[in-house]
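Asker: fold the stuff below for me.
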Amino acid sequence: MGEPTEIRTASADRAEAARGAGSVQDAGRPARQPDGATRAAQSKRAALRSRVREQRRSPARPRLLFELALIGISYWLYSLVRNAVPEQAVVAQKHASWIWRFEQFLGVDVERAINHGVNSVTWLIVGMNYYYATLHFIVTIGVLVWLYRRHPGRYAAARSVLFVTTAIALVGFYFFPLAPPRLMTDGGFIDTVAIHHTWGSLASGAGAQVSNQYAAMPSMHIGWSLWCGLTIFFLARAPWARALGLLYPLCTLLVIISTANHFWMDAVGGMVCLGVGFTAARLLYHRWVFQLPRYPGGLVAEPPMTVPEQWLVQGRGELREVGRSGPVS
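Answerer: Numbering: from 1, shown residues only. As a prediction, this is how the structure comes out:
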């Protein structure tokens with residue numbers, strides 16, 4: 001009986017030794033490392049992710065030529081798409097009747113009364129016609145320039161809000177053609193531009209031949225003016241400027257109704273588009289536009305250093321020595 005026991009013991013020892021040898025060999029084997037190309041790719045991806053994160057926290061200073069080209073191309077595409085939407089007159093008139101009946105149901109159908117009342121004051125309605133035709137672009141461009149010069153750290157995010165808002169509006173123009181009140185066949189509204197022969201508007205006259213007359217929902221006059229007003233209100237320091245920022249979209253709302261270019265509901269659509277624009281920028285930059293740092297990197301611009309930094313360090317050391325030993329005689 002002893003011999004089998006010895007054989008089993010030897011076999012067990014050999015098996016244990018083999019497992020131990022394998023364990024030692026596996027433990028001593030170096031972990032597989034990525035080759036040079038893989039490490040380089042990983043480093044590039046890590047650097048790109050870090051750069052994107054930094055850009056989202058604090059956008060870089062905008063470049064003038066790039067921004068001018070971007071705004072020019074974007075507005076050209078906006079005009080191209082807006083005017084390429086089929087002018088479905090029958091559908092647009094039907095949608096206008098829906099909007100008008102819905103406002104009557106809610107008891108807020110005051111557009112016609114305001115349109116007729118303001119039109120009776122010639123100097124006021126003529127001024128509103130020019131307001132509608134010009135300030136929509138002038139004020140928006142002016143606010144963009146002000147942001148670029150005074151708030152470069154917030155410019156890219158604020159500009160993105162405007163672009164997203166306008167892109168959403170194009171979707172509305174395509175899927176919901178709407179006749180403005182002045183073009184309703186049975187609305188009884190007054191086309192104030194046609195009556196007073198004012199210039200500069202694409203809504204009536206010769207400009208109507210190159211502009212989509214049924215791109216009224218949502219109102220970008222409200223979307224853009226509210227963007228301008230909020231930007232001025234949150235970023236301007238002077239109280240009078242902040243007050244003007246709040247008044248601008250309110251005046252624009254009065255103008256678009258008095259000139260019969262939009263319904264109340266078009267203004268609501270413009271505000272919804274702007275809300276989507278601000279939300280998109282919040283998701284992209286992880287903060288609301290006006291909470292971003294004023295300057296890139298979160299730093300306030302400092303005057304350039306005119307002497308070597310080591311001189312300043314040495315000078316501070318000498319001042320500390322003088323403070324300990326008293327004034328030099």
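Asker: now do the helices in this protein.
Answerer: 2-28, 36-57, 64-84, 89-106, 111-119, 122-150, 152-175, 192-196, 220-235, 239-258, 264-285, 309-325 (DSSP state H).
Asker: quick one: least confident helix or strand in this structure?
Answerer: helix 2-28 (a mean of 48; mean pLDDT, DSSP states H and E).
Asker: what stretches of the stretch 1-150 of the chain score poorly on pLDDT?
Answerer: Confidence mapping of the stretch 1-150 of the chain against pLDDT under 70 gives the ranges 1-61, 81-87.
Asker: recalculate using a threshold of 90.
Answerer: Scanning the stretch 1-150 of the chain for pLDDT under 90 picks out 1-91, 137.
Asker: equivalent analysis for the stretch 201-329 of the chain, please.
Answerer: Across the stretch 201-329 of the chain (using pLDDT under 90), the flagged ranges come out as 201-215, 295-329.
Asker: let's see it at 70
Answerer: Residue ranges of the stretch 201-329 of the chain with pLDDT under 70: 201-211, 298-329.
Asker: and V91, how many residues sit next to it?
Answerer: Close neighbours of V91, defined as other CB atoms under 10 Å, add up to 15. Placement of C-beta: from N, CA and C, glycine included.
Asker: quick one: it from F290, how far?
Answerer: Per CB to CB, to the nearest Å, V91 is found 39 Å from F290.
Asker: quick one: pLDDT of the closest residue to N261 other than its chain neighbours?
Answerer: Distances taken as CB to CB, 6 or more residues apart in numbering place P180 nearest to N261, at 5.1 Å, with adjacent residues excluded. pLDDT for P180: 94.
Asker: residues near P180, how many?
Answerer: 25.
Asker: how many neighbours does A267 have?
Answerer: With other CB under 10 Å as criterion, A267 counts 23.
Asker: now stretch 290-297 - C-alpha only, PDB.
Answerer: This file holds the C-alpha atoms of stretch 290-297, laid out as PDB (Å, rounded to 0.1, in the frame of the first residue of the first chain):
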ATOM      1  CA  PHE A 290     -24.100  85.200 -20.100                       C
ATOM      2  CA  GLN A 291     -22.300  83.100 -17.400                       C
ATOM      3  CA  LEU A 292     -19.300  82.500 -19.600                       C
ATOM      4  CA  PRO A 293     -16.100  84.600 -18.800                       C
ATOM      5  CA  ARG A 294     -16.000  87.900 -20.400                       C
ATOM      6  CA  TYR A 295     -12.500  87.300 -21.800                       C
ATOM      7  CA  PRO A 296     -11.100  84.000 -23.200                       C
ATOM      8  CA  GLY A 297      -9.600  81.900 -20.400                       C
END
